[in-house]
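Chemist: turn this into a structure:
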Amino acid sequence: MNLKPVEIKAFVPTKDYAESKAFYQAIGFTCAFADDEIAYFHIGECSFLLQNFHVVEHTQNFMMHLLVENADDWHAHLVAEKVAERFSVRIDSPQDQPWGMRDFVLFDPSGVLWRIAHNLPNAAP
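Modeler: I've put the predicted structure just below:
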């Protein structure tokens, strides 16, 4: 019996499907497939499905975590691309967290909260 997982993906909700597809491409994800209901986004080995589905309570409580090699580089990229201005979203400054990561918060156009982080050296696992 082989129970080894191959992949896990979240279905990310969106209020404005077209705007969200443009947002995720602007921040660096590739859209490998899209139809009227779902879009498959990836960057490297990380991926998710953007769905043309919105329930306010669900979207406002939906969170994603993206572990990267350097959160400061990601933050600088988003600032350089003027993502906050182009999509009217909030991006906080990176900061060290007590749980051993340096991260920052990014909200997508629908209000989905992303924490983009890297592990701090010498942090407990």
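
Chemist: C-alpha from now on. contacts and neighbour counts both.
Modeler: Noted.

Chemist: ok, residues contacting the worst-scoring helix or strand of the chain on mean pLDDT?
Modeler: Ranked by mean pLDDT, DSSP states H and E, the weakest helix or strand in the chain is helix 56-60, scoring a mean of 93. Contact with helix 56-60 is made by 13, 14, 110, 111, 112, as judged by CA atoms under 8 Å, 6 or more residues apart in numbering.

Chemist: stretch 114-125 too?
Modeler: If you take CA under 8 Å, 6+ apart as the criterion, stretch 114-125 is touched by 63-71, 74, 96, 99-108.

Chemist: please list only the buried members of those.
Modeler: Using 16 or more other CA atoms under 10 Å as the burial test, the contacts of stretch 114-125 include 67, 71, 74, 100, 101, 102, 103, 104, 105, 106, 107, 108 as buried.

Chemist: three-state assignment of residue 102?
Modeler: Of the three states, residue 102 takes strand under DSSP: H, G, I helix; E, B strand; the rest coil.

Chemist: isn't it up against residue 93?
Modeler: No: contact criterion CA atoms under 8 Å: residue 102 and residue 93 do not qualify, at 10.2 Å.

Chemist: excluding residues flanking it in the chain, which one is nearest residue 96?
Modeler: Spatial nearest neighbour of residue 96, excluding adjacent residues (CA to CA, 6 or more residues apart in numbering): residue 102 at 4.2 Å.
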